[in-house]
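Undergrad: how would this look folded up:
(chains A, B, C and D)
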Number of protein chains: 2
Amino acid sequence: MIKTSNYHHGDLREKILQTAFELLDNEGIEAVGIRKIARLLGVAHSAPANHFKNKQTLLTALATESFRHLVSKIENDISNEADNLRLAIHSFSNTILEFGLKYPNRYKLLWRREYADDQDTELGAAMDDVYAQLTHILGEHAKNNQVDVESQAIALWSLLHGYVLLRLDENLQEGYDEVTGIKRQVAIIDVLIDGIVA
Amino acid sequence: MIKTSNYHHGDLREKILQTAFELLDNEGIEAVGIRKIARLLGVAHSAPANHFKNKQTLLTALATESFRHLVSKIENDISNEADNLRLAIHSFSNTILEFGLKYPNRYKLLWRREYADDQDTELGAAMDDVYAQLTHILGEHAKNNQVDVESQAIALWSLLHGYVLLRLDENLQEGYDEVTGIKRQVAIIDVLIDGIVA
DNA sequence: ACCTGTATATTGACACTGTCAATTTAAACA
DNA sequence: TGTTTAAATTGACAGTGTCAATATACAGGT
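TA: Numbers count the residues shown, from 1 in each chain, chains lettered A, B, ... in the order given. Alright, predicted model coming up:
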């Protein structure tokens, strides 16, 4: 089908999201701009306004979709190791690390409240799903032990989040544990697990 | 002394930094703007250009000063607990946490390379000082044990960095360990220490 | 086929932003 | 006193997000 006019573009909303993701991945959060996207799509500077009320709405859509992507990855990867605590923690951690290192700017967008609308219920629900997975994993193990699972969950979450962001902001480089020879990103999780299963 | 004219303001550079810190602390990194600062100081929109080549230069100055502030806090606080590993780790951690929670936007600025100029040597040196303190603390202890101190250092650093950022971005709230009753931010460090001293 | 309502795209304006170039002013120095 | 130099001013340019008014095209009912 040949496009005869730009009016009623048809799938402009989808094209906007696609271009926005490309800008986000290739040039960073700040590079995602309404007018720039419109220009790239050969459409008037105000055309996107029909589909996204403002910039925040657009970024919220990007964040929500990214969260859902991440949650489904976690759910898939964990399914095989659900019965072994150590393996389950490593699986969860691996999924987060892989996602963060593969999509640096999506990962940053996920957790920076200044960009997305934190009142958005869909976004909030997708965020909660990540944390729910985490407490579920740890909860299975700690039923008998007299420990607060929340502290362990927050410790692991903080460790992963911090490591990913330090890597993404290039405050830290890829590396290997000098003694065991395993990847640093795995080694630091082992340090924490020793504290959990001890 | 009464100011007779705005030409050769005298301490404009200092005033700019001061106003920039106020904007940073009260309204966030994005709120720090050349023209806005000039307007607040009652000076022409291009006056700051004589003292800071561009916005990045200004933000780099803010980051460098903040780093030095943090480093000196760490050095002061650690001096009393240098001989006990557990206490030393808690002291270091406490300093980072306190700084981050007290100056959220300064903390964010410190680690986000997209704002400050990461080629700046003064900034780089101040950053390295933080990490040097950390490895020094852990290095004292691990001399005998067959472990890679770097992995422990990065684990602790990641944990602290992640926790602070989760708190600052309001992805996490202040809380207490349900079992021990101590502050969550202390409890998660204990989880990790159990893995280190085990 | 025709009118009408609605969704969508366009144009134009407004107030911002950072950065640059040309100019003016004041102080410092010889 | 005259000249150089540092520091502030003005003006312009290309961008940005957002809003209001307008134009276009499609869908549904008559």
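
Undergrad: Which residue ranges make up the domains of chain A?
TA: Per automatic domain parsing, the domain ranges recorded for chain A read A:1-52, A:54-197.

Undergrad: could you dump those domains to a markdown table with mean neighbour count, distance to B:Glu14 and mean pLDDT?
TA: All C-beta atoms are positioned from the backbone trio N, CA, C, and that covers glycine. Output for these, formatted as a markdown table (neighbours: other Cβ atoms under 10 Å in any protein chain shown; distance: least, Cβ to Cβ, whole Å; pLDDT from 0 to 100):
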| stretch | mean neighbour count | distance to B:Glu14 | mean pLDDT |
| --- | --- | --- | --- |
| domain A:1-52 | 14 | 29 | 89 |
| domain A:54-197 | 18 | 29 | 91 |
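
Undergrad: Now the ones you listed in JSON lines, please, with extra columns for distance to DNA strand C.
TA: What follows is the domains of chain A, written out as JSON lines (distance: least, Cβ to the nearest atom of the strand, whole Å):
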{"stretch": "domain A:1-52", "distance to DNA strand C": "3"}
{"stretch": "domain A:54-197", "distance to DNA strand C": "13"}
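
Undergrad: a markdown table for these, including distance to B:Tyr176?
TA: As requested, the domains of chain A are exported to a markdown table (distance: least, Cβ to Cβ, whole Å):
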| stretch | distance to B:Tyr176 |
| --- | --- |
| domain A:1-52 | 34 |
| domain A:54-197 | 9 |
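
Undergrad: Could you dump those into JSON lines with distance to chain B added?
TA: Listed next are the domains of chain A as JSON lines, based on distance: least, Cβ to the nearest Cβ, whole Å:
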{"stretch": "domain A:1-52", "distance to chain B": "7"}
{"stretch": "domain A:54-197", "distance to chain B": "3"}
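
Undergrad: contacting residues for A:Leu24?
TA: The contact partners of A:Leu24, by Cβ atoms under 8 Å, 6 or more residues apart in numbering or on different chains, come to A:31-32, A:62, A:105-106, A:109.

Undergrad: wouldn't A:Glu30 be in contact with B:Glu30 here?
TA: No - counting by Cβ atoms under 8 Å, B:Glu30 is not a contact partner of A:Glu30; they are 9.4 Å apart.

Undergrad: For chain A, just list every one of the strands.
TA: Shown for chain A, no strands are assigned by DSSP state E.

Undergrad: Quick check: longest helix in it by residues?
TA: Longest helix in chain A by number of residues (criterion: DSSP state H): helix A:55-78.

Undergrad: who does that one touch, helix- and strand-wise?
TA: For helix A:55-78, the packing partners by 3 or more Cβ pairs under 8 Å, 6 or more residues apart in numbering or on different chains; DSSP states H and E come out as helix A:12-27, helix A:85-102, helix A:104-111, helix A:121-142.

Undergrad: Quick one: work out the angle between the last one and helix A:104-111.
TA: What it means is helix A:121-142. Per axes from the mean of the first three to the mean of the last three Cα atoms, to 10 degrees, the angle that helix A:121-142 makes with helix A:104-111 is 90 degrees.

Undergrad: Give me the contact list for helix A:121-142.
TA: If you take Cβ under 8 Å, 6+ apart as the criterion, helix A:121-142 is touched by A:60, A:63-64, A:67-68, A:70-71, A:74-75, A:78, A:85, A:88-89, A:92, A:110, A:116-118, A:149-150, A:152-153, A:156-157, A:196, B:171.

Undergrad: Just list the residues touching A:Lys36, thanks.
TA: A:Leu23.

Undergrad: A:His161 now?
TA: A:96, A:111, B:158, B:161-162, B:165-166.

Undergrad: distance of it from A:Arg167?
TA: For A:His161, the distance to A:Arg167 equals 11 Å [Cβ to Cβ, to the nearest Å].

Undergrad: Stretch A:114-128 near DNA strand D anywhere?
TA: No - using Cβ under 7 Å from any atom of the strand, stretch A:114-128 stays clear of DNA strand D, coming no nearer than 10.9 Å.

Undergrad: Identify the residues contacting the residue nearest the centre of chain A.
TA: Ranked by distance to the mean C-alpha position of chain A (Cα atoms, centre = their mean), the top residue is A:Tyr107 at 4.1 Å. Taking Cβ under 8 Å, 6+ apart, we find A:Tyr107 in contact with A:66, A:99-100, A:164-165, A:168.

Undergrad: and these, which two are the farthest apart?
TA: Largest separation among the contacts of A:Tyr107 by Cβ to Cβ: A:Ser66 and A:Leu165, giving 15.5 Å.

Undergrad: Spatially, which two of the contacts of A:Leu24 are the most separated?
TA: A:Ala31 and A:Arg106 (13.2 Å).

Undergrad: shouldn't A:Lys183 be in contact with A:Tyr176?
TA: Yes - between A:Lys183 and A:Tyr176 there is a contact under Cβ under 8 Å: 6.0 Å.
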